[in-house]
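Give me a 3D structure for the following:
(4 chains)
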Number of protein chains: 2
Amino acid sequence: MLSERRLEVLRAIVQDYVGTQEPVGSKALTERHNLKVSPATVRNDMAALEEEGYIAQPHTSAGRIPTDKGYRLFVDRLAGVKPLSKPERRAIQNFLAGAVDLDDVVSRTVRLLAQLTRQVAIVQYPSLTRSTVRHVELLLLAPTRLMLVLITDTGRVEQRVVDCPAPLTETTLADLRARLNSRVVGERFSEVPRLVQDLPESFDQDDRGTISTVLATLLETLVEEPEERLMIGGTANLTRFVHDFPLTIRPVLEALEEQVVLLKLLGEAKDSGMTVRIGHENAHEGLNSTSVVSVGYGSGNEAVAKLGVVGPTRMDYPGTMGAVRAVARYVGQILAES
Amino acid sequence: MLSERRLEVLRAIVQDYVGTQEPVGSKALTERHNLKVSPATVRNDMAALEEEGYIAQPHTSAGRIPTDKGYRLFVDRLAGVKPLSKPERRAIQNFLAGAVDLDDVVSRTVRLLAQLTRQVAIVQYPSLTRSTVRHVELLLLAPTRLMLVLITDTGRVEQRVVDCPAPLTETTLADLRARLNSRVVGERFSEVPRLVQDLPESFDQDDRGTISTVLATLLETLVEEPEERLMIGGTANLTRFVHDFPLTIRPVLEALEEQVVLLKLLGEAKDSGMTVRIGHENAHEGLNSTSVVSVGYGSGNEAVAKLGVVGPTRMDYPGTMGAVRAVARYVGQILAES
DNA sequence: ACTGGCACTCGCCTGCCGAGAGTGCCAGGG
DNA sequence: CCCTGGCACTCTCGGCAGGCGAGTGCCAGT
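Reported below is the predicted structural model:
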């Protein structure tokens, strides 16, 4: 077990390294933090910390830098979440409140998060699966071809073209539209399959096939993966770590281009509470030198999607976590209001 | 006026420099291209080209590199557009044909373009203003609140919430919906204002205010800036020019994050034909060391939006232009079909 | 008008050296 | 037993000098 002071030394190393981006030595440590001991003592502690794998030296006779394991301990036990200042919180609220539609909310959130953390921000669009239906619209494009438009309470619109096995009249369509809406409006997506199950039976034999097809398409749209879309921003912030360039930045940019990778990344995060994945804890190889801080957000007390930031492992964890948490909270508020 | 051979020398310099990324000297030139003259002669020509500002040397006793002016001449007079091979064209068609909706078309186009050119791709969403109306839907959300959904022939869906001055019945709404659609479906956006002008008059006095409000919202949606949305991809390709890093890459990434900048960038391009903007010809400062190749695309014979790529001034212009043109053509086809 | 030759310039690479930072270890003191 | 000061050692980094080679400009000759 590590003594209290050794933990203190580790904390000091992380803080200094995050600040200066340079390996930190024993002398500098005793000067900048008022540890009540001499450099020599700190050296012994550092040797112990290195032995345990919390810190490492890039080469002999350089200072120490934290390892992934060191950051992990720092995040878990040594640091809290740094709350934002009042003015910052006000600014966030005001900025988000100006959004005109869902796209705008997401895009503002991304910009905000990127600016606050000075890192790459990722925001998932609110998921369908936990949303409720606001309206289902059916439009006849051709006798055997119609368009299905689904509108959700989060303001999202999904459209699908349906090819029908048999022609459909405007009257039947209007009937279907009315009955469908009366059953599903205001309901959770997860409830819809049960609610429409027996709908085809109440129609003419001739139309049942078509109606089943339409309903099948609707259900398909509803269960569609709990979110395909997301938005990222702040990639220019990657250039701030000019040091280990461009070997690090290349794979990161590549990873960020793959929506699939990012979705998996957010998917791996816990559903509730904040998740921090440090360095090699990230499954994707390109992100092995980055950390991902993510959290769920939602309009009610349940998360409907996630957001987060990607930055170098040497990031300001308390500050980043504070910003991510605050943004998630305020986005949730905005979504609840609209 | 430059002699034929000097132009040939310039072309050779551009080609070699684009290939090797290194300043090219007189000896290498005579070896790699079969100019029928000696290095000494080429040196004289180079001196003349430098005098005219088409090439420059980074420092004394290094080879020459083309200037922006040199590239300009190269593009305008010395190089054509290199058509893609048959297999490449097939691949493009197949890849785009797999798209399921408009978002998918755009996202596939971006990926395709980025991959073909190995540069950063930008694709504007098809513009509303030149599209035609496929359907207008009106949904009552509350007695004095309705949602207007506009569906375009390019498969795009726009939605607006309208607050009405007076309550509206379902019957009136259905009436309005029917009359509105019978007038505008299949029409160009630009025609719509004229076509709906006298519509309020045919309704009850009480409803006219509301109907005018709805129509106003519709018209607003129609004239909305000739496109706000676009998609970019292939930013990881920026890391291929590791040389003048990161001084160049930083401002470029920043510029790419600003949708406004990109829209202006595409807006500056000619409406028809391909536009190439080289280095300092780009208004935005961050893009002074890049070239932008852009072209309009559309479902008919008119362009409804633009797409292009951003790359270093030292790019393979003929190849890039060929890829951009081909992709634009095939996207147009896909849009026309759907 | 083109060519070969020649002297010259300059950036890049290499090896070398000294300074400085940081370490590990050890013996001594509270 | 833990902390401390001292000391020798290691290794990186920056600066400097020298050699190499690519490339140039100029000039005299064909």
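
near DNA strand D, which residues of chain A show up?
In this structure, chain A approaches DNA strand D at residues A:5, A:36-38, A:40-41, A:44, A:59-62, judged by CB under 7 Å from any atom of the strand. C-beta here means a position set from N, CA and C on the backbone, and glycine is covered the same way.

Now the two most distant members of those residues.
Greatest spatial distance among the residues of chain A next to DNA strand D (CB to CB): A:Lys36 and A:His59, at 30.0 Å.

Just say helix, strand or coil for the spatially most central residue of chain A.
Centroid-nearest residue in chain A, with CA atoms, centre = their mean: A:Leu307, separated by 2.2 Å. Secondary structure state of A:Leu307, per DSSP: H, G, I helix; E, B strand; the rest coil, is strand.

What number of residues are in the vicinity of the closest residue in space to it that isn't next to it in sequence?
Nearest in space to A:Leu307, with sequence neighbours left out and distances taken as CB to CB, 6 or more residues apart in numbering or on different chains, is A:Val123 at 4.3 Å. A count of nearby residues for A:Val123, using other CB atoms under 10 Å in any protein chain shown, gives 30.

Assumed A:Val123 was part of a helix.
No: applying three-state DSSP, one finds A:Val123 to be strand, outside a helix.

Which residues of chain A lie near DNA strand C?
Contact residues (CB under 7 Å from any atom of the strand) of chain A with DNA strand C: A:23-28, A:39-40, A:43, A:46-47, A:50, A:57, A:60-64.

what do you get if the cut-off is 6 Å, keeping everything else the same?
Proximity of chain A to DNA strand C, by CB under 6 Å from any atom of the strand, involves residues A:25-28, A:40, A:43, A:46-47, A:61-64.

which residues sit in contact with A:Val123?
If a contact means CB atoms under 8 Å, 6 or more residues apart in numbering or on different chains, then A:Val123 has A:106, A:109-110, A:113, A:230-232, A:305, A:307, A:331 as its contacts.

Hmm, A:Met321 is touching A:Gly273, no?
No: using CB atoms under 8 Å, A:Met321 is not in contact with A:Gly273, being 10.9 Å away.

mind listing the helices for chain A?
Applying DSSP state H to chain A gives helices spanning A:4-20, A:26-32, A:39-51, A:68-73, A:86-97, A:102-117, A:170-184, A:192-196, A:205-223, A:249-257, A:259-268, A:317-337.

A:Ser3 - how many residues pack around it?
A:Ser3 has 10 nearby residues by other CB under 10 Å.

mind checking how far it is from A:Asp16?
Taking CB to CB, to the nearest Å as the criterion, A:Ser3 is separated from A:Asp16 by 20 Å.

and what of A:Met274?
Counting by CB to CB, the gap from A:Met274 to A:Asp16 is 24 Å.

ok, now A:Val149?
56 Å.

Ok, A:Gly80 next?
18 Å.

okay, those two: which has more neighbours?
More crowded of A:Gly80 and A:Asp16, by other CB under 10 Å: A:Asp16, with 22 against 10.

quick one, what contacts the closest residue to that one other than its chain neighbours?
Spatial nearest neighbour of A:Asp16, excluding adjacent residues (CB to CB, 6+ apart): A:Val24 at 4.4 Å. Going by CB under 8 Å, 6+ apart, A:Val24 touches A:12-13, A:16-17, A:63-65.

Can you tell me the number of residues neighbouring A:Gln124?
A:Gln124 is flanked by 25 other residues according to other CB under 10 Å.

Show me what it bridges to in the sheet.
Taking DSSP bridges as the rule, A:Gln124 bridges to A:Leu230.

Tell me if I'm right that it and A:Lys306 touch.
Yes: A:Gln124 lies in contact with A:Lys306 (CB under 8 Å); the separation is 5.1 Å.

what do those two both touch?
Counting by CB under 8 Å, 6+ apart, the common neighbours of A:Gln124 and A:Lys306 are A:Leu266.

follow-up on the earlier one: look up how far A:Thr235 lies from the residue nearest to the centre of chain A.
A:Leu307 sits 16 Å away from A:Thr235, going by CB to CB.

next one: A:Leu199
Separation of A:Leu199 from A:Thr235 (CB to CB): 47 Å.

do stretch A:207-221 and chain B meet?
No: figure legend: stretch A:207-221 not in contact with chain B (CB under 8 Å from any CB of the partner chain); closest approach 11.4 Å.

cool, stretch A:280-287 as well?
No: counting by CB under 8 Å from any CB, chain B has no neighbours in stretch A:280-287; the shortest distance is 9.6 Å.

tell me how far the ends of that stretch are from each other?
Chord length of stretch A:280-287, first to last residue, is 8 Å (CA to CA, to the nearest Å).

in it, what counts as buried?
The neighbour-count check on stretch A:280-287 (16 or more other CB atoms under 10 Å in any protein chain shown) flags A:281-282, A:284, A:286-287 as buried.

I'd like the distance from that stretch to the chain centre, please.
Centroid displacement of stretch A:280-287 relative to its chain, using CA atoms, centre = their mean, to the nearest Å, is 16 Å.
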